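> have a look at this prediction, sequence included:
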Amino acid sequence: MMSKKPNPELIDDENPEWTAKDFAKARPANEVLPQLFSAKVAQTMLKPRGRPRAEHPKERINIRLSHDVIAHFKASGDGWQTRIDAALREWLKTHSPG
């Protein structure tokens, strides 16, 4: 069974700290991967991760709401801010702001 604590001397030998020369030689993955793998595999490896960017992302704002309004939405659990957004969207369907 391996010990939980790695030997720092082995880590330094196997993965030495980069020098300025190492950084100068470095190339971006999109240049190197197609040379190491097929173009299709490289494209898959370089595919962006995570959720796609929304066309109209939500904006972070600060808003002051009454305590009882916040308490009501928080009482229904996680996602209370999303439910406030939905309530405001519903209100906009029947009202004209301004």
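Noted; the coordinates are in hand.
> so where do the strands sit in the chain?
Counting by DSSP state E, no segments of the chain form strands.
> pLDDT at the residue nearest the centre of the chain, what is it?
By C-alpha atoms, centre = their mean, the mean C-alpha position of the chain lies nearest to Gly50, the distance being 6.3 Å. The per-residue pLDDT reported for Gly50 equals 89.
> do the same with the one 5 residues further on
Confidence at Glu55, expressed as pLDDT, is 93.
> offset the numbering so it begins at 23, please.
Understood, numbering begins at 23; the last thing we discussed is Glu77.
> can you get me a residue count around it?
5 (other C-beta atoms under 10 Å). C-beta coordinates here come from the backbone N, C-alpha and C atoms, glycine included.
> got the contact list for it?
By C-beta atoms under 8 Å, 6 or more residues apart in numbering, the contact list for Glu77 is empty.
> how about Ile106: what's its closest non-neighbour residue?
Nearest residue to Ile106, sequence neighbours excluded (C-beta to C-beta, 6 or more residues apart in numbering): Phe95, at 5.5 Å.
> right, and that neighbour touches Gly101 too?
No - using C-beta atoms under 8 Å, Phe95 is not in contact with Gly101, being 9.1 Å away.
> those two: which has the busier surroundings?
Phe95 (17 against 11).
> what's near enough to touch the more buried one?
102-103, 105-106.
> mind doing that once more with 7 Å?
With contact set as C-beta atoms under 7 Å, 6 or more residues apart in numbering, Phe95 has these partners: 102, 105-106.
> out of these, grab the one that's most surrounded.
Ile106 leads the contacts of Phe95 on contacts (other C-beta under 10 Å) with 17 neighbours.
> pLDDT score for that one?
Ile106 is given a pLDDT of 96.
> so where's the protein shaky on pLDDT?
For the chain, applying pLDDT under 70 flags the ranges 23-25, 30-35.
> can we see that at 50?
Nowhere does the chain drop to pLDDT under 50.
> okay, domains of it per the record?
42-70, 87-120 (automatic domain parsing).
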